[in-house]
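**Student:** below is the sequence, then the predicted model.
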Amino acid sequence: MPALLLLAACGAASAQQIYLCVDASGHKELTDTRKGSNCKALDLPGAAIPAPARREGGAHGRPPGTPAPAAVAPAAFPRVDSAEQRARDADRRQILGEELRSEQAKLAELRKDYNNGEPERRGDERNYAKYQERVAQMKDSIARSEQNVEALKREIANIR
């Protein structure tokens with residue numbers, strides 16, 4: 001029954017007729033094409049919704065090479081005065097600055113533990129493969145933290 005509802009929803013989205021077909025061995029199949037005389041058209045509510053119109057041209061219905069229209073805010077779109085926006089930007093800059101300092105401290109700690117690729121071996125790492133796995137994880141963590149620091153710096157630079 002859930003398959004029937006799923007197919008009904010798919011059929012409703014594309015305005016296609018859904019058929020219930022039964023083969024000689026009694027297996028039931030839902031399909032959008034009639035496959036012989038043992039198929040019965042299903043009357044599903046909402047199945048008559050038309051499919052969305054296909055657009056001609058580029059990615060968003062524009063001819064290829066046509067630039068996207070400038071974004072226009074609706075007339076009822078709330079406006080923020082410049083003093084309020086400056087206050088919001090200052091708060092954002094402060095929050096991002098705190099995140100940057102936190103991430104830089106984390107990066108410094110990771111680099112210290114990494115010890116130029118030769119961290120201290122722990123007692124539970126008698127197997128060298130475990131040690132190498134931990135070193136690789138540390139290296140990945142350092143790379144991720146460096147990316148986070150760079151992303152935060154870009155975000156701070158983009159604030160007006």
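**Tutor:** Done, it's in. Keep in mind it's a predicted model, so treat the numbers as computed, not measured.
**Student:** which residue ranges make up each domain of the protein?
**Tutor:** Domain ranges of the chain: 2-41, 82-158, per automatic domain parsing.
**Student:** how long is the last one end to end?
**Tutor:** It stands for domain 82-158. Terminal residues of domain 82-158 lie 17 Å apart, using CA to CA, to the nearest Å.
**Student:** which stretches of this structure have low pLDDT?
**Tutor:** Along the chain, the model assigns pLDDT under 70 to residues 1-16, 45-71, 73.
**Student:** need the longest helix for it.
**Tutor:** helix 82-114 (DSSP state H).
**Student:** and it, how far from the chain's centre?
**Tutor:** 25 Å (CA atoms, centre = their mean, to the nearest Å).
**Student:** okay, now Glu103: neighbour count?
**Tutor:** Using other CB atoms under 10 Å, the number of residues around Glu103 comes to 20. Bear in mind the C-beta positions are built from the backbone N, C-alpha and C, glycine included.
**Student:** contacting residues for it?
**Tutor:** Glu103 makes contact with Ser145, Asn148, Val149, Leu152, according to CB atoms under 8 Å, 6 or more residues apart in numbering.
**Student:** now, which of these lie within helices?
**Tutor:** Ser145, Asn148, Val149, Leu152.
**Student:** how about the first one: what's its closest non-neighbour residue?
**Tutor:** When you say that, I think you mean Ser145. Closest residue to Ser145 apart from its sequence neighbours, by CB to CB, 6 or more residues apart in numbering: Leu107 at 4.3 Å.
**Student:** which parts of this structure are helices?
**Tutor:** 2-14, 82-114, 128-158.
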